[in-house]
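Novice: next come a sequence and a model predicted from it.
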Amino acid sequence: MKRNIVLILLVLFPIITFSQNKGGIILGLNNSSISEGILGQVSISGEMGFHIGGFYEYEIKEKIKFRPKLTFSQQGNRYESDVNEHLMYESNYMNVSLNFKFYESIYLLLGPQLGVFLSGNGRSNNNNLLLKSQPFEVGINLGIGKKLKNLFFELNFYQGLTKAIDKPDFNGELKKGTNTLIQFSLGYYLF
């Protein structure tokens with residue numbers, strides 16, 4: 001496994017360093033929840049998580065760039081919800097976003113994302129059920145950003161398409177729980 005990673009880095013390093021493309025770091029705040037499918041029962045809480053990582057921009061055309069991003073992200077319901085449900089689920093993911101960036105000064109982002117579960121825990125107070133995470137999840141990103149020289153600000157929305165956990169409903173039955181995130185990010189171009 002280590003040998004494969006080293007080989008990939010040896011191939012990518014010359015491409016990244018000798019091209020006119022850009023890359024940098026990104027960090028920000030997450031407001032996340034567990035929803036039931038696409039946009040099902042999305043809620044915004046006062047509990048925040050964070051994300052941090054790096055990105056790379058590869059120019060395809062003048063106003064279209066491929067922008068992969070690798071981030072560590074805190075996700076899940078990081079709070080206890082309403083009186084009836086009491087769902088508490090905290091998780092940490094390593095996310096690989098394969099976004100496309102449209103335009104430059106004010107821009108749009110769109111693309112798929114693969115999340116790898118790293119750690120976390122969860123419980124439901126209704127039936128003391130321990131929530132088990134899936135090892136991988138797939139979803140879609142949609143965002144808008146503003147670039148100011150080497151600095152940029154972004155507002156992103158992420159919706160998981162595959163099950164992250166089994167979410168108990170009000171009757172104690174398990175439903176498909178997906179990650180939903182609203183992210184505010186600050187980024188800086190290093191090269």
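Specialist: Happy to help now that I have it.

Novice: only C-alpha atoms from now on, for both contacts and neighbour counts.
Specialist: Fine.

Novice: how far away is residue 54 from residue 33?
Specialist: Relative to residue 33, residue 54 is positioned 24 Å away (criterion: Cα to Cα, to the nearest Å).

Novice: what's the answer for residue 22, then?
Specialist: Distance of residue 22 to residue 33, given as Cα to Cα: 32 Å.

Novice: hang on, the earlier thing: residue 54 and residue 33: which is more packed in?
Specialist: residue 33 (28 against 18; other Cα atoms under 10 Å).

Novice: for the more buried one, phi and psi?
Specialist: phi -150, psi 170 (degrees, to the nearest 10).

Novice: isn't residue 63 up against residue 106?
Specialist: No. Contact between residue 63 and residue 106 fails when scored by Cα atoms under 8 Å: they sit 11.1 Å apart.

Novice: okay, and the beta partners of residue 180?
Specialist: Note on residue 180: beta-bridge partners by DSSP bridges are residue 33, residue 159.

Novice: residues touching it, list them.
Specialist: Remark: with contacts taken as Cα atoms under 8 Å, 6 or more residues apart in numbering, residue 180 is in contact with 32-35, 39, 42, 76, 157-160.

Novice: can we see that at 6 Å?
Specialist: Going by Cα atoms under 6 Å, 6 or more residues apart in numbering, residue 180 touches 32-33, 158-159.

Novice: quick check: it vs residue 74, distance?
Specialist: When distance is defined by Cα to Cα, residue 180 is 12 Å away from residue 74.

Novice: ok, now residue 22?
Specialist: Residue 22 is 26 Å from residue 74, by Cα to Cα.

Novice: so for the two, which sits in the more crowded spot?
Specialist: Legend: neighbour count by other Cα under 10 Å for residue 22 and residue 74, higher for residue 74 (25 against 16).

Novice: wait, that one sits on residue 92?
Specialist: Yes. Residue 74 is within contact range of residue 92, at 4.6 Å (criterion: Cα atoms under 6 Å).

Novice: so residue 50 touches residue 27, yeah?
Specialist: No. Applying Cα under 6 Å, one finds residue 50 not in contact with residue 27, separated by 7.4 Å.

Novice: so which strand or helix has residue 77?
Specialist: Assigned by DSSP states H and E, residue 77 belongs to neither a helix nor a strand.

Novice: so it sits against residue 120, correct?
Specialist: No. If you go by Cα under 6 Å, residue 77 and residue 120 don't touch, sitting 11.1 Å apart.
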